[in-house]
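Novice: could you look at this predicted model? Sequence included:
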There are 2 protein chains.
Amino acid sequence: MALIVAKFGGTSVADTARIETAAAKVLREVERGNKVVVVVSAMAGVTNQLVGYCDSISKMYDLREYDAVVSSGEQITAGLMAMALQKIGVQARSWLGWQVPIRTDNVHGKARIEDIDVTELRKRLDSGEVAVVPGFQGVTDRNRISTLGRGGSDTTGVALAAALKADRCDIYTDVNGVYTTDPRIVEKARKIDRISYEEMMEMASLGSKVLQIRSVEIAMNSNVPVQVLSSFEDAIGSDLPGTLVTREEDIMEKEIVSGVACSRDEAKITVLDVPDKPGLAARIFGPLAAAAINIDMIVQNVSSDGKHTDITFTVSRRESTRALEVIGNLEEFKGAGVLTADNVAKISVVGVGMVSHHGVASTMFKTLADKGINIQVISTSEIKISVLIDEQYAELAVRALHEAYGLSKKAA
Amino acid sequence: MALIVAKFGGTSVADTARIETAAAKVLREVERGNKVVVVVSAMAGVTNQLVGYCDSISKMYDLREYDAVVSSGEQITAGLMAMALQKIGVQARSWLGWQVPIRTDNVHGKARIEDIDVTELRKRLDSGEVAVVPGFQGVTDRNRISTLGRGGSDTTGVALAAALKADRCDIYTDVNGVYTTDPRIVEKARKIDRISYEEMMEMASLGSKVLQIRSVEIAMNSNVPVQVLSSFEDAIGSDLPGTLVTREEDIMEKEIVSGVACSRDEAKITVLDVPDKPGLAARIFGPLAAAAINIDMIVQNVSSDGKHTDITFTVSRRESTRALEVIGNLEEFKGAGVLTADNVAKISVVGVGMVSHHGVASTMFKTLADKGINIQVISTSEIKISVLIDEQYAELAVRALHEAYGLSKKAA
């Protein structure tokens, strides 16, 4: 008998018919003798509608009230899922964030889970009841509803699995797993059966939208195996229905490169002709960090005259306007030329095997050069290499790299 | 400085623009130096949509989960109203049922408020903050969300006013007060400036849908003046913007008849040729009461042969099928003929002055007779007389009675 957390995303609970389909998946786990905690997202479109209401009242809305409004989306699904389970004979009860309770910090709109008290939940699971928990929400020490930020239902699922020491967290979504790259770009993209937490973190942060990065971090820290699988199909002819995200040690066949990711969420900013003095980077990036703007890639050119240089970095597109404002307000850079570009894409190759294999980077650079694609910025970590290129070549680059690293599935 | 509870119904908060209009009304109270608690309904249509989701999963849904789902409608409005108030400079905070807390019994779907702990609420009001409370919801001693049944937001408003010993509870709605009768039927219907709790109870129970009856009961028991007024207009040329529901002693000019009410929610059931023995009524109405079916009017005919009689009563239309089932299952009445009719309307005249004035009933009967309208059933209380008539004459009867009691407003 295992304890499973099963999380269903927005498209998997898009309407009451799909909620019933999802309930049938839960019934199957119950019939296998498993204890199940179900975590649900809001029905597709509901969260956007609720955010739209908030926006239409004020762009500067109070995040505490935003949380009260927006958390109701998952609350609705939780009640409906409990009803759907009861209808097919499964004893079930909904548990809202404050009822569990799932305690978070006070950072409304993107709260972090601090502690989940599973005492009551465990009692009810032991009595044979399925618990249905709305994702994305918790309660602060001031007794206010908080939300975890977009995609937070994955985090709720994995955090509950960690707190309950569950055997597995199943993330039901609209794809049947994690792929070597976006199958819409490369038809021959292959489903990955097993992937390490570290690789998944990179894939998640690099534009593969299957799992929220914070949830992978929690899974890694507490060693919860996470399975990504489809709520719409039953896998046939595969040893695993989806993709299992697990410890590197538990993966037998390690790929040098596991996948190729593509992100179009980048904006490139270049500050021209800044005085080349020690501490330059700190004077630019300190104020940006203070404004809570995340910097991704950074490159500083060699100074040609020994006195001035250019500095280039990337931020997410939705933060680029704010980043420009912050720089514009810095006394030191008043009058400095600033170039910005949104027409860039970040292409990354990810793989835990990379650290012990030479030539991964040179294969990447040669492949792109052969296609005549210019590399604007490079950044690397132990398990990934990312390059920034002109957005119009993004798909060409992904296809070429996917082929170059031998990731495509064999023709049938 | 007064303490006011202001409740806004579904049409008054139908969309974000109307929520902002309602917020402006609250600002006006704050500018007068008043402390304000705002109670909000769900945005028009939202509750029906949520109930529709529940129905589509199962007609036999669990009421505990129904409450979790349906209560989210008011939760959404509460957050949005707090935002709208903040936008115009009013310090505001939403308080959900479990946050106040508003404690109810465990009868999910139609819970009764048992106790409201206003300690925290009062502190925040004293600090100058406006509290926004979703109507219709509370929390049980098992920490589950409960709802008060349809129209329960009025009850939340009045119960909060009672618990806070508020100076007044303002019920903002889509009409500007309580009328002597339905203005859609009688163009000359007059807005009533002041009406007693007792009369309002009768009006509420007799089909005037302005206030929920339970809320009037609570107001009467705790002497909270309730004002019904429009959220869409500002009254001009009237001593009161709306209708004040208050103690009879506080009403100077007492009308003999205050209003004429019409209800089309009745179904008439006649059980034919039942043995005329002592306890007959108890043997029919006992089982109906046990099935939680409310009986309204009852008439038992005089027995013609001394052995058999007919018994006629009315129930609300949506309960008539269940009532017929209950009677069909009674051993004693097996084979008895049962007649039912939905094409009936109940017309009532209401007035506290009635008890000390003769001739009110005879005026009613004569007026109806003059129009050739047959009376099927009569029931009376100290402050009202109701008759059941053929539904097709309902409007004719209302117009004739409104005229007969001199209720029409003078021509301008």
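Specialist: Nice, I can see it.
Novice: list the residues that contact A:Val130.
Specialist: Residues near A:Val130 by Cβ atoms under 8 Å, 6 or more residues apart in numbering or on different chains: A:Val26, A:Val30, A:Lys35, A:Val36, A:Val37, A:Val38, A:Leu85, A:Val90, A:Gln91, A:Ala92, A:Arg93. To be clear about C-beta, it is placed using only N, CA and C from the backbone, and glycine gets the same treatment.
Novice: change it to 6 Å
Specialist: A:Val130 makes contact with A:Val36, A:Leu85, A:Val90, A:Ala92 under the criterion Cβ atoms under 6 Å, 6 or more residues apart in numbering or on different chains.
Novice: out of these, who's nearest chain B?
Specialist: Proximity of the contacts of A:Val130 to chain B (Cβ to the nearest Cβ) peaks at A:Ala92, which lies at 8.4 Å.
Novice: do you know how far the residue lying closest to the closest one once chain neighbours are set aside is from A:Met1?
Specialist: Excluding its sequence neighbours, the residue lying closest to A:Ala92 (Cβ to Cβ, 6 or more residues apart in numbering or on different chains) is A:Leu85, at 3.7 Å. Using Cβ to Cβ, to the nearest Å, A:Leu85 is found at 19 Å from A:Met1.
Novice: what distance separates the helix or strand where A:Ile4 lies from the middle of the whole chain?
Specialist: Using DSSP states H and E, A:Ile4 falls within strand A:3-8. Distance of strand A:3-8 from the chain centroid (Cα atoms, centre = their mean, to the nearest Å) equals 18 Å.
Novice: roughly how far does A:Val326 sit from A:Ala23?
Specialist: 48 Å.
Novice: checking A:Thr314 next. Helix, strand or coil?
Specialist: What DSSP: H, G, I helix; E, B strand; the rest coil gives for A:Thr314 is strand.
Novice: spatially central residue for chain A, please.
Specialist: A:Gln212 (2.5 Å; Cα atoms, centre = their mean).
Novice: in contact with it: list those residues for me.
Specialist: With Cβ under 6 Å, 6+ apart as the criterion, the residues that contact A:Gln212 are A:Gly151, A:Asp154, A:Thr155.
Novice: and A:Gln75, by the same measure?
Specialist: A:Gln75 neighbours (Cβ under 6 Å, 6+ apart): A:Leu96, A:Pro134, B:Ser72.
Novice: inside strands: which ones of those residues?
Specialist: Members of the contacts of A:Gln75 lying in strands (criterion: DSSP state E): A:Pro134.
Novice: just give me the closest of the contacts of A:Gln75 to A:Val377.
Specialist: Comparing the contacts of A:Gln75 against A:Val377 with Cβ to Cβ places A:Pro134 closest, at 40.3 Å.
Novice: I'd assumed A:Ile76 was in contact with that closest one.
Specialist: No: counting by Cβ atoms under 6 Å, A:Pro134 stays clear of A:Ile76, with 8.4 Å between them.
Novice: what lies in contact with the helix or strand containing A:Thr363?
Specialist: Element membership of A:Thr363, judged by DSSP H and E, is helix A:360-370. Contacting residues not belonging to helix A:360-370 are listed as A:Val349, A:Met354, A:Ile385, A:Ala400, A:Leu401, A:Ala404 [Cβ under 6 Å, 6+ apart].
Novice: mean confidence score for that helix?
Specialist: Averaging pLDDT along helix A:360-370 yields 92.
Novice: what do you get for stretch A:24-39?
Specialist: Mean pLDDT, computed over stretch A:24-39, is 96.
Novice: would you mind naming what in chain A lies close to chain B?
Specialist: Within chain A, the positions near chain B by Cβ under 6 Å from any Cβ of the partner chain are A:16, A:53, A:56-58, A:61-62, A:65, A:68-69, A:72, A:75-76, A:79-80, A:82-84, A:86-87, A:94, A:99, A:143.
Novice: mark which of these are buried, thanks.
Specialist: Among the residues of chain A next to chain B, those buried by neighbour count (16 or more other Cβ atoms under 10 Å in any protein chain shown) are A:16, A:53, A:56-58, A:61-62, A:65, A:68-69, A:72, A:75-76, A:79-80, A:82-84, A:86-87, A:94, A:99.
Novice: out of those, which sit inside helices?
Specialist: A:16, A:53, A:56-57, A:65, A:68-69, A:72, A:75-76, A:79-80, A:82-84, A:86-87 (DSSP state H).
Novice: how about stretch A:174-185 as CSV, C-alpha atoms only?
Specialist: Extracted C-alpha coordinates of stretch A:174-185, given in CSV (Å, rounded to 0.1, in the frame of the first residue of the first chain):
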residue,chain,number,x,y,z
ASP,A,174,-2.1,17.7,-20.8
VAL,A,175,1.2,16.1,-22.1
ASN,A,176,2.3,12.5,-21.3
GLY,A,177,5.7,13.5,-19.9
VAL,A,178,8.9,15.5,-20.3
TYR,A,179,10.3,15.5,-23.9
THR,A,180,13.8,15.9,-25.2
THR,A,181,12.5,19.1,-26.7
ASP,A,182,9.2,20.8,-27.6
PRO,A,183,7.4,18.3,-29.8
ARG,A,184,5.7,21.2,-31.6
ILE,A,185,9.2,22.2,-32.9
